[in-house]
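Trainee: Model the structure of this input:
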Amino acid sequence: MKYNFNEIETKWQKYWAENKIFKAVNNSEKPKYYVLDMFPYPSGAGLHVGHPLGYIASDIYARYKRHKGFNVLHPQGYDSFGLPAEQYAIQTGQHPAITTAENIKTYRRQLDQIGFSFDWSREVRTSDPSYYKWTQWIFIQLFNSWYNNDSNKAEDISALEVIFSSEGNKNVNAVCDDDIESFSAEDWNAFSSEKQQQILLQYRLTYLAETEVNWCPALGTVLANDEIVNGVSERGGHPVIRKKMTQWSMRISAYAERLLQGLDTIDWTDSLKESQRNWIGKSVGASVTFNVNNHDAVIDVFTTRPDTIFGVSFMTLAPEHELVSQITTLEQKVEVEAYILATAKRSERDRMADVKTISGAFTGAYAEHPFTKEPIPVWIGDYVLAGYGTGAVMSVPCGDQRDYDFAKHFNIPIPNIFDGVDISEEAFADKANTKIGNSDFLNGMNYKKATKRVIYELEQIGQGEGKTNYRLRDAVFSRQRYWGEPFPVYYVNGMPQMIAAEHLPIKLPEVEKYLPTETGDPPLGNAAVWAWDTLKNEVVSNDLIDNENVFPLELNTMPGWAGSSQYFNRYMDPNNDAEIFSKEAIDYWQQVDLYIGGSEHATGHLLYSRFWQKFMFDKGLVPYDEFAKKLINQGMILGTSAFVYNVVPVVLDKEFLRPTNIFVSKSIYDKICLDSEVEENFVKEIVKQYFLETDFKGKVPPKITSVIFNDLHVDVSLVNSSDELDVKNFKNSRTEYKDSIFIGENCNVINGDNDKYIVKRDVEKMSKSKYNVVNPDNIVADYGADSLRLYEMFLGPLEQYKPWNTAGITGVHSFLKKLWKLYADDNGLKVTDAIPTKDNLKTLHKTIKKVQEDIENFSFNTSVSTFMIAVNELTAQKCTSKDILEPLLVLISPYAPHIAEELWNQLGNNESISTVPFPKFDASHLIESSKNYPISFNGKMRFTMELPLDMSKDDIEKAVLANEKTQEQLGGRIPKKVIVVPGKIVNIVG
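Mentor: Reported below is the predicted structural model:
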């Protein structure tokens, strides 16, 4: 009976699917447990071996919980709206839905072949209209809500309208837009419907506003901060600029404090919680108003150090601040506008991270100090962000290093307001040891006293107050893309109107082109049928817009995070078309018990999802305001990349020429880097021969003095285990390198087998662009899914980053073959009804104890080691007892379910192993009743004797002396002394 893993795995995957083994029910006498993975975006590349890491961990835990008697919900789906499918549509004309469906088919096949215990009956796809119907529905609920600070929750907008109509807005304590005009009930009732709608938009939890956004011209869309890396788009590496646009936004800032406080109630990783705390960015301080000289304008600032107000020597506005154009003088206009244009090309993240570059421009305007009435110059600088606080800061160079550096750079005075502190070299920012001086009524005070006094004095003159501020800004919710959720919105006289819930979903229209229109509208502007008929309540042709009952629909689509912000709740009741989920389902499943996913989503998906959950809690839709009790961030499986060394010549004036078509092997590279004489000879012989002569025929070539090297990725499949590159196939695989020259280890130009080319190796993120991807299909075909599952867990702790090495999987594959041999040989099953020995029971129960502890502590790597030890011990014990080997399969089942199912079935069990109770640990089998004593003669151990642990010292001595082996060692001599240490050793002297 052989271990044919391919046949076994296919057999049991089919059995699980046909018998719906992992299907969860929404009511059960069993306790519930909800295990969730962050659902994947189905990319065209499919899965690589790094992707399943978290899925394997969650699957082990889900299977374990089933063994423990839980009704387990372990669903899977696809975050299937995404930019790559749209980019592919732009390039090829193929509808993103077709591309996405093809990619999902690949993902499903790959996920199934790894043996995950997903309940596929609950699959969701965010791009499916039956799913995004409910995303649109939540958007409508947000639009029809406002945040009441008095009740500290979201309430229906109709309640606000009642307040406005009866008492105006004077006593309304809401999270809303800044600078809202006060009005009475009489005013409200006299306002036109359009005016009332404009006012309500300033209070709604989702609203239209002109905001600064990250605009990517190449992609034709707005990007979130987390979609930008080093100033360019994460997808494609395109330039991103800051631009003002009218966008839908979500008033997540209303939930800032609750999002902070909620972190204390959930079992999430400390690093992730800290990321969210920093992103929310709570600060306590004061708002201060500075009047602008010669202008009917004020500059409002928020500061955490109001005690330093007498140290203000200049003001700094964000370049995008609305006042800049109003207050800039004619003399400074050119400089200021040039600076604004340059700043627009930098992302906010870059500006925040860049603490070395000092830049700015003087507006020519002055503000007035609220106490001294002295003029204060107003500058603009890109280290101030329009979206954080008020977009303006009162700059106190003596107390803030960035202000200090700015003042030094631009020769701005730095008044010292700290007693006994030298600020000649750097700013002084130690609040605890602050003693204020040169500050009028604050002289002699410490930080706390001065802060309270300043706030009091500001309130007295009407130019400030105490305030708590948050860095968290409202989330831009519009994208200028085709492949995203359509908004359930049409416009009447420019004012947004919601489509009634019973008419959802509003489906994406067909378009001829997926690019923005010629007039700059988003891709939905290309649709011929994209207008709303309020009489028919359906989407109709744009040609009918002139009719009085037909209106234009919203052209933007929702962002990528919209569909992922409530999918965990939809899984509870995914096929319910009448409501987002039934009360029965949400009351039963309540929350995700275990959520596993990457930490890169800390300030994106995970923050937005918490926001939506709290909103839904306020509306009475969910029983808890946090969606996941426990969250674990899995680490990353890294790829071992391979690089070739491409020669780049350097000429006399240190200018680089274009890269050559010459590549040198690793040892040649090392020699050139270490020895200037070798480098000189290389330039003379190789570069001259293969670069200068071919590229500068008949011309005077430049004088090359040295070379540098570009490290270029090569496909790891073209490199063998000795790091040798298959040069011929590399040239054939990439046309741009077809005629390249490869210099081998022995300095020969490689032609056939005359030399070998050794690559450079490095460990980095596994990615298609780095050519270091390992396809799980190949691993499963060669070693089996159980080997893949065990190996990924065996690599190290779940949270850590681990390099992949395909050669290492042979170890766990050998273990599985050894496990198989414990149960069967060429003649069939070896398992018997033999009574287990004491050693058998000891091995089994220490394994039960360790594996249970490991799973509950998510220490999956040490469980794999424990299984290996157990199989080695039971093999050495020649164990064939069914009472031992049957429960051992249940222990291994969560990790290697296919081999466990097969052997379980071979032992005569007809039910799936997946629901068999987990073996119970019996500590009595680990209690030692005897001791294998080492018996030594004059300090040298000669043999061992097993004796009862409760045997007295005298009886031990008698038993040892009576032993034949002792008599043989003594040879008739009488020992001088017998040393007995009970439970340890026996030493006979003499």
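Trainee: In the protein, where is pLDDT below threshold?
Mentor: 225-226, 652-658, 688-702 (pLDDT under 70).
Trainee: could you point out the longest strand in it?
Mentor: strand 637-651 (DSSP state E).
Trainee: ok, now how distant is residue 67 from residue 928?
Mentor: Going from residue 67 to residue 928 by C-beta to C-beta, to the nearest Å gives 29 Å. C-betas here are computed from N, CA, C, even on glycine.
Trainee: more crowded one of these two?
Mentor: For residue 67 versus residue 928, neighbours defined as other C-beta atoms under 10 Å are more numerous around residue 67 (21 against 10).
Trainee: And that one, how far from residue 389?
Mentor: Residue 67 sits 53 Å away from residue 389, going by C-beta to C-beta.
Trainee: Ok, residue 48 next?
Mentor: 43 Å.
Trainee: More neighbours: the two, which one.
Mentor: A side-by-side neighbour count of residue 48 and residue 389, using other C-beta under 10 Å, places residue 389 first with 24 against 20.
Trainee: Please enumerate the strands of the stretch 401-550 of the chain.
Mentor: For the stretch 401-550 of the chain, applying DSSP state E, counting those that start in this stretch gives strands covering 464-470, 475-476, 489-492, 495-498, 531-533, 538-540, 550-552.
Trainee: quick revisit: got the contact list for the helix or strand just after the longest strand of the chain?
Mentor: Later in the chain than strand 637-651, the nearest helix or strand by DSSP states H and E is strand 662-664. Contact partners of strand 662-664, identified using C-beta atoms under 8 Å, 6 or more residues apart in numbering, comprise 644-647, 672, 682, 686-687, 690-691, 709, 740-743, 757.
Trainee: cutoff 7 Å now
Mentor: 644-647, 686, 690-691, 740-743 (C-beta atoms under 7 Å, 6 or more residues apart in numbering).
Trainee: circling back: sort out which residues of the longest strand of the chain are buried, please.
Mentor: For strand 637-651, burial by neighbour count (16 or more other C-beta atoms under 10 Å) applies to 637-650.
Trainee: if I pick the most centrally placed residue in the chain, what's in contact with it?
Mentor: Nearest residue to the geometric centre of the chain (C-alpha atoms, centre = their mean): residue 600, 2.1 Å. By C-beta under 7 Å, 6+ apart, residue 600 lies in contact with nothing.
Trainee: tell me the SS of it?
Mentor: Three-state assignment for residue 600 (DSSP: H, G, I helix; E, B strand; the rest coil): helix.
Trainee: From residue 635, how far off is it?
Mentor: 12 Å.
Trainee: how long is stretch 72-88 from one end to the other?
Mentor: Terminal residues of stretch 72-88 are spaced 38 Å apart (C-alpha to C-alpha, to the nearest Å).
Trainee: Ok, stretch 876-896 next?
Mentor: 22 Å.
Trainee: Run through the residues that contact the closest residue to residue 805 other than its chain neighbours.
Mentor: Spatially, and ignoring its direct neighbours in sequence, residue 805 is nearest to residue 640 (6.7 Å; C-beta to C-beta, 6 or more residues apart in numbering). Going by C-beta under 7 Å, 6+ apart, residue 640 touches 716, 761, 763, 772, 803-805.
Trainee: swap in residue 870?
Mentor: Contacts for residue 870 were tallied using C-beta under 7 Å, 6+ apart; they are 843, 847, 888.
Trainee: and the longest strand of the chain, how far out from the chain's middle?
Mentor: 28 Å (C-alpha atoms, centre = their mean, to the nearest Å).
Trainee: going forward can the numbers begin at 48, since that is how I track them
Mentor: Sure thing, new numbering starts at 48, so read that last one as strand 684-698.
Trainee: Can I get it in PDB? Just the C-alpha atoms.
Mentor: Extracted in PDB, the C-alpha atoms of strand 684-698 (Å, rounded to 0.1, in the frame of the first residue of the first chain):
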ATOM      1  CA  ILE A 684       7.200  34.300   2.800                       C
ATOM      2  CA  LEU A 685      10.100  35.900   1.000                       C
ATOM      3  CA  GLY A 686      11.500  34.900  -2.400                       C
ATOM      4  CA  THR A 687      15.200  34.100  -3.000                       C
ATOM      5  CA  SER A 688      15.800  36.400  -6.000                       C
ATOM      6  CA  ALA A 689      18.500  36.000  -8.600                       C
ATOM      7  CA  PHE A 690      20.400  38.800 -10.200                       C
ATOM      8  CA  VAL A 691      22.800  39.300 -13.100                       C
ATOM      9  CA  TYR A 692      25.500  42.000 -13.100                       C
ATOM     10  CA  ASN A 693      25.100  44.400 -16.000                       C
ATOM     11  CA  VAL A 694      28.100  46.600 -16.900                       C
ATOM     12  CA  VAL A 695      27.600  50.400 -17.000                       C
ATOM     13  CA  PRO A 696      30.700  52.400 -18.100                       C
ATOM     14  CA  VAL A 697      31.700  55.600 -16.300                       C
ATOM     15  CA  VAL A 698      33.500  58.300 -18.300                       C
END
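Trainee: Roughly how far does the residue nearest to residue 852 sit from residue 853?
Mentor: Applying C-beta to C-beta to residue 687 and residue 853 gives a distance of 9 Å.
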